[in-house]
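What follows is a predicted protein model with its sequence.
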Amino acid sequence: MLTLEKILQSQGFGSRKGCRALINGGYVTVGGQPVTDSSQPFDTTAFEFAVNGEAWLYREKLYLALNKPGDIECSRKPSHHPSVLTLFPGQFMERDLQPVGRLDHDTTGLLLLSDDGAFIHAQSSPKRHVPKLYRATTARPVTAALVAALKSGVQLIDEDEPLKALSCTALDEFRLELILEQGKYHQVKRMLAAAGNHCAALERVAIGRLRLDDLALPPGGWTYLDEAKLTLLAPG
Ligand code: URA
């Protein structure tokens, strides 16, 4: 049980004082009825409430998937393009929502976000071998030699060992799919360059067994991930 004031605060509706003012002002309803006592306790399990007529479900933590559009940065403090966080309700920023890892500003596709520090840490750990599937469009034709090089490993400057794709498949003359387990800086682009081609466009289409197609999100669209979807992110 949590007081309504604490519930609102935990969900990103501002300071304790601000939440109290919202409640006292009659802006918060539960089951369609205004609740003006900010200290009234509620069971948070499947707890629904509305603020200014907008319905919300209490969520202890946020686990989200975004179909990241191009020209948007993963950083909270972006330099040249808007931050991905601008695509979400302001309450999520207040809750310290963060991308899990990063995609380049021009890379599109599946990006996870959460305000659960332990989840972000576990997902981003280099020890966690969750395969990530990318679809790349190349500037020059995809050859059998390119696919073979990406599979056998290419040496990047600044890396001790050659990096290889777990698998790589040509889709057509200028497109290929590859699966990576690591998440090094600009890894796909650098691997393609090291193998003598150039990445013209890049999309992440799956993380583990969670596929962007199955989420049916338009570019810029996002969804909450339930338990079943989160289990698809498990390694192996
Ligand atoms: N590899 C890249 O080069 N860029 C990304 O955004 C992700 C993987």
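Looks like it came in fine.

From the recorded domain assignment, give the ranges for the protein.
Per automatic domain parsing, the domain ranges recorded for the chain read 2-57, 63-127+210-231, 132-207.

can you redo those as a markdown table with mean neighbour count and mean pLDDT?
Using the backbone N, CA and C atoms, a C-beta is placed for each residue, glycine as well. Conversion of the domains of the chain to a markdown table gives the following (neighbours: other C-beta atoms under 10 Å; pLDDT from 0 to 100):
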| stretch | mean neighbour count | mean pLDDT |
| --- | --- | --- |
| domain 2-57 | 15 | 98 |
| domain 63-127+210-231 | 16 | 96 |
| domain 132-207 | 17 | 96 |
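
could I get those domains as JSON lines with distance to the ligand?
Rendered in JSON lines, the data for those read as follows (distance: least, C-beta to the nearest ligand atom, whole Å):
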{"stretch": "domain 2-57", "distance to the ligand": "28"}
{"stretch": "domain 63-127+210-231", "distance to the ligand": "3"}
{"stretch": "domain 132-207", "distance to the ligand": "4"}
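
Can you show me the helices along this structure?
Remark: helices of the chain, listed N- to C-terminal, are 4-10, 16-24, 90-94, 117-124, 144-152, 187-194, 212-215, 227-231; assignment by DSSP state H.

could those be laid out in TSV, adding distance to residue 104?
Compiled in TSV, these are given as follows (distance: least, C-beta to C-beta, whole Å):
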stretch	distance to residue 104
helix 4-10	33
helix 16-24	36
helix 90-94	22
helix 117-124	16
helix 144-152	18
helix 187-194	7
helix 212-215	16
helix 227-231	24
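
Tell me who's in contact with the spatially most central residue of the chain.
With distances taken as C-alpha atoms, centre = their mean, the residue of the chain nearest its centroid is residue 112 (1.8 Å). Residues in contact with residue 112, defined by C-beta atoms under 8 Å, 6 or more residues apart in numbering, are 63-66, 99-101, 123, 207, 225, 233.

ditto for residue 230
Neighbours of residue 230 in contact, by C-beta under 8 Å, 6+ apart: residue 63.

Ok, residue 195 next?
Remark: with contacts taken as C-beta under 8 Å, 6+ apart, residue 195 is in contact with 146, 149-150, 154.

Provide the backbone phi and psi angles at it.
Backbone geometry at residue 195, expressed as degrees, to the nearest 10, gives phi -90, psi 10.

Spatially, what comes nearest to it if we skip its sequence neighbours?
The shortest distance from residue 195 to any residue that is not its chain neighbour, by C-beta to C-beta, 6 or more residues apart in numbering, is 4.3 Å, and that residue is residue 149.
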